[in-house]
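J.: Here is the input, now give the coordinates:
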Amino acid sequence: MVRRLIGAIVRAGLMVMLVATPSVLVPGVSAEGGQVVAILALAAAALTVFEYATPYPSIVEFRNAPPFNRIRFLSLFASILCLSIIARSQTDPSIAVEFLTSIGILIGQAIDFPYSPVHAVVSLLPADAPFADLVQLRAFAGMSYLISLLSIAVFLIALRLSNWPFFRQETFNLWVNLPTFSPTRSGDIVRRLKRDARWNIALGFLLPFVTPIIVVETAALFDTFETIETQTLIWTVAAWAFLPASLFMRGIAMLRVAQMVSTVRERNGAPAGNGQPVTA
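T.: The predicted model follows:
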């Protein structure tokens, strides 16, 4: 119990660091904006403590199957951190900031080709937008998209090198690790896991192209695109790259779980995966 509580507090502190990073690094944050960030950080910390301090799951998937959530968190944190540092290039011309900004610009230019996800994001800017805004947005999109691709690659390598999800454990509980997936519903569990996995992978392919269209239509509806703040832009671009990568990883993980359940069925000669622990 004490170990679980300490782990929950550490995770809550990391969530506070994640939420507060843009407001700490990006200059020009108003007092009201800082208060909103503080409230959001405390809310994220509270939700994290409530989730990980109890043995019963709520909404976080694969909570007992590392390094799935750790890779996702590190991916989002790296994206937010890099984008926040790039945003300081106009006010903090230090060597480290300029170096990371140059890398982001180079990556954005390399990936910004017709029909690419980065090109879809860059095309959000109006035709009369300043060139500096175009360069910054391209650097944001290129850097965040590269980090998302690297996170998928790291997860695939982890799957290849380890017996995931049996990482430092001998059982895998479907109910704890997939609380939103009901294994007792009608239909074969392996078939439903594979179906959901394919849907997640398909959405992971489509979201980088569909999200910019939704943003453009929403901005045109409310006429607020020209007044978007840097912090909002950082979170928007980071989410644009992180959510598809997260869906990819979730789909791959569910395919792995489906394969695991099918293997246990063949070994035991009976249906498995009814929410009880599955032994490796």
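
J.: use CA for all of it now, contacts and neighbours both
T.: OK.

J.: how about the helices in the stretch 1-150 of the chain?
T.: Counting by DSSP state H, counting those that start in this stretch, the stretch 1-150 of the chain has helices at residues 2-25, 31-52, 68-87, 95-111, 117-122, 131-161.

J.: Quick check: buried residues in stretch 8-25?
T.: The neighbour-count criterion (16 or more other Cα atoms under 10 Å) identifies 8-9, 11-16, 18-23, 25 as the buried residues of stretch 8-25.

J.: and what of stretch 56-68?
T.: 57, 58, 60, 61, 62, 63, 64, 65, 67, 68.

J.: The fourth one contacts residue 181, correct?
T.: Meaning residue 61. No: in this structure residue 61 lies outside contact range of residue 181 using Cα atoms under 8 Å: 9.4 Å.

J.: quick revisit: nearest to residue 266, of the buried residues of stretch 8-25?
T.: residue 8 (37.2 Å; Cα to Cα).

J.: give me every residue that touches the closest one.
T.: For residue 8, the set of contacting residues under the criterion of Cα atoms under 8 Å, 6 or more residues apart in numbering consists of 48, 49, 50, 51, 52, 53.

J.: Please apply the same query to residue 196.
T.: 251, 254.

J.: Backbone dihedrals for it, please?
T.: For residue 196, the backbone dihedrals (degrees, to the nearest 10) come out as phi -60, psi -40.

J.: mind giving me the domain ranges of this protein?
T.: Structural domains of the chain, as assigned by automatic domain parsing, span the residue ranges 1-55, 71-279.

J.: can you redo those domains as CSV with mean pLDDT?
T.: Converted to CSV, the domains of the chain look like this (pLDDT from 0 to 100):
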stretch, mean pLDDT
domain 1-55, 88
domain 71-279, 83
